[in-house]
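S.K.: Here you go, sequence then predicted model.
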Amino acid sequence: QVQLVESGGGLVQPGGSLRLSCAASGSIVSINIMGWYRQAPGKQRELVAHVTDGGTTNYADSVKGRFTISRDNAKNTVYLQMNSLKPEDTAVYYCNALGVQTGTNYYGETYWGKGTLVTVSS
């Protein structure tokens, strides 16, 4: 069983920074893609950024130049450094993992964490 646990959310003023972390557990050998999505009140969940196990990254246009995604493959952990935060970045941020290789099986489905709330407000 693969589990994802996010941390690092909270309240921050506009222009501030936060760093989110997401650790995957469950006898994992490797994960193809890890990423962050967010869902603001009344809106659909949207991609923020993702990173492959080879280090290739992809960002939503709305966060390019402000957010940086990175991962530690040895720890099966993905990070999201968020700078120059804006009120419109307020949302629940969800971590996901796609293509998980454990010691005995390969799982092609997407796994999700429970989310961490980020609130940008003065």
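M.R.: Nice, thanks for sending it over.

S.K.: how about stretch 32-42: buried residues?
M.R.: Buried residues in stretch 32-42, defined by neighbour count with 16 or more other CB atoms under 10 Å: 33-38. (C-beta placed from N, C-alpha, C; glycine too.)

S.K.: Pick out whichever of those sits closest to residue 97.
M.R.: Closest to residue 97 out of the buried residues of stretch 32-42 is residue 34 (5.2 Å), distances taken as CB to CB.

S.K.: Quick check on that closest one: phi, psi?
M.R.: phi -130, psi 140 (degrees, to the nearest 10).

S.K.: Run through the residues that contact it.
M.R.: Residue 34 is in contact with 22, 24, 50-51, 71, 78, 95-98, counting by CB atoms under 8 Å, 6 or more residues apart in numbering.

S.K.: Mind checking which of the residues you listed are in strands?
M.R.: 22, 24, 50-51, 71, 78, 95-98 (DSSP state E).
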